[in-house]
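K.L.:
just coords:
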């Protein structure tokens, strides 16, 4: 996302009004569910988290609702997000969150038991293939990527803008969309084993097991204090 798109997202979190949407060229606006992201984990979230195994990295964690749920389960977890105010909200509730991109250097590379890509975050960077390759670098051999995907067959890159209820719009940015059979084919082509796919609360998810062949020596993970 562009810096001004992140600013609009952070502003929506600050005001709590949640009137935020994305729009493609010539298309209708698609509302973003800011209020859900700021709430507690729902039943579909908890079903997703029940599949996690080992130390967990939440990519694009936002205000930290999944991290809070994991903390309540006693699960060691760290979040990462590029939105400064979202990070501050999560940190303010006691969650360990790094203000950076998933493509930056992260602690514990090659040692995470689970990486979460919920809430459409498979689109980060505009190319799901590139993102899933990056996730394979983060996971321990045999670790799981738990990925929320579209409910229909799609694998494409959109050019979007974020807009708010006051008529402000961001510069265009690339965002990926992945779901259905293309998601299964892509995961398998990258060396993941598709362990499970399921629906919950009208949302669709995949559990992907990483290939041991993708990894070198894992770094140690200090869950209590993420590295800067």
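P.N.:
In hand now; what should we look at? What you see is a predicted model, and the numbers here were worked out from it, not measured in a lab.

K.L.:
Pull the residues that contact the lengthiest helix in the chain.
P.N.:
When every helix of the chain is counted residue by residue (DSSP state H), the longest turns out to be helix 3-15. By CB atoms under 8 Å, 6 or more residues apart in numbering, the surrounding residues in contact with helix 3-15 are 1, 18-20, 32, 34, 38, 63, 82-86, 89, 161-164, 168, 170-171, 173. From N, CA and C alone the C-beta is placed, and that goes for glycine too.

K.L.:
if we go to 6 Å?
P.N.:
Helix 3-15 has contacts (CB atoms under 6 Å, 6 or more residues apart in numbering) with 18, 20, 34, 82-83, 85-86, 162, 164, 170-171, 173.

K.L.:
Give me the subset of the residues you listed that lies in helices.
P.N.:
Checking these against DSSP H, those in helices are 34, 85-86.

K.L.:
most neighbours, which of those residues?
P.N.:
The member of the ones in helices among the contacts of helix 3-15 surrounded by the most neighbours (other CB atoms under 10 Å) is residue 86, with 25 neighbours in all.

K.L.:
so the residue nearest to that one when sequence neighbours are not counted is in which element?
P.N.:
For residue 86, the nearest residue in space outside its immediate sequence neighbours is residue 62; the separation is 4.8 Å by CB to CB, 6 or more residues apart in numbering. In this structure, residue 62 sits in neither a helix nor a strand according to DSSP states H and E.

K.L.:
any idea how far residue 98 is from residue 104?
P.N.:
The spacing between residue 98 and residue 104, counted by CB to CB, to the nearest Å, is 8 Å.

K.L.:
Comparing those two, which residue is more hemmed in?
P.N.:
In this view residue 98 and residue 104 are compared by other CB under 10 Å, and residue 98 has more residues nearby, 21 against 10.

K.L.:
Can you tell me the element the more buried one falls in?
P.N.:
Secondary structure from DSSP H and E places residue 98 in strand 97-99.

K.L.:
who touches that strand?
P.N.:
The contact list for strand 97-99 (CB under 6 Å, 6+ apart) reads 61, 79-80, 84, 87, 90-91, 226.

K.L.:
Next: stretch 78-95.
P.N.:
Stretch 78-95 is contacted by residues 6, 9-10, 13, 57-64, 67, 96-99, 101-102, 226 when judged by CB under 6 Å, 6+ apart.

K.L.:
check which helix or strand covers residue 108.
P.N.:
If you go by DSSP H and E, residue 108 is not part of any helix or strand.

K.L.:
Can you give me every residue that contacts residue 32?
P.N.:
With contact taken as CB under 6 Å, 6+ apart, residue 32 is in contact with 20-21.

K.L.:
measure it to residue 174 for me?
P.N.:
Noted for residue 32: a distance of 17 Å to residue 174, by CB to CB.

K.L.:
any idea of the pLDDT on the closest residue to residue 177 other than its chain neighbours?
P.N.:
Counting by CB to CB, 6+ apart, residue 154 is the residue found nearest to residue 177 once chain neighbours are left out, at 5.1 Å. With respect to pLDDT, residue 154 scores 95.
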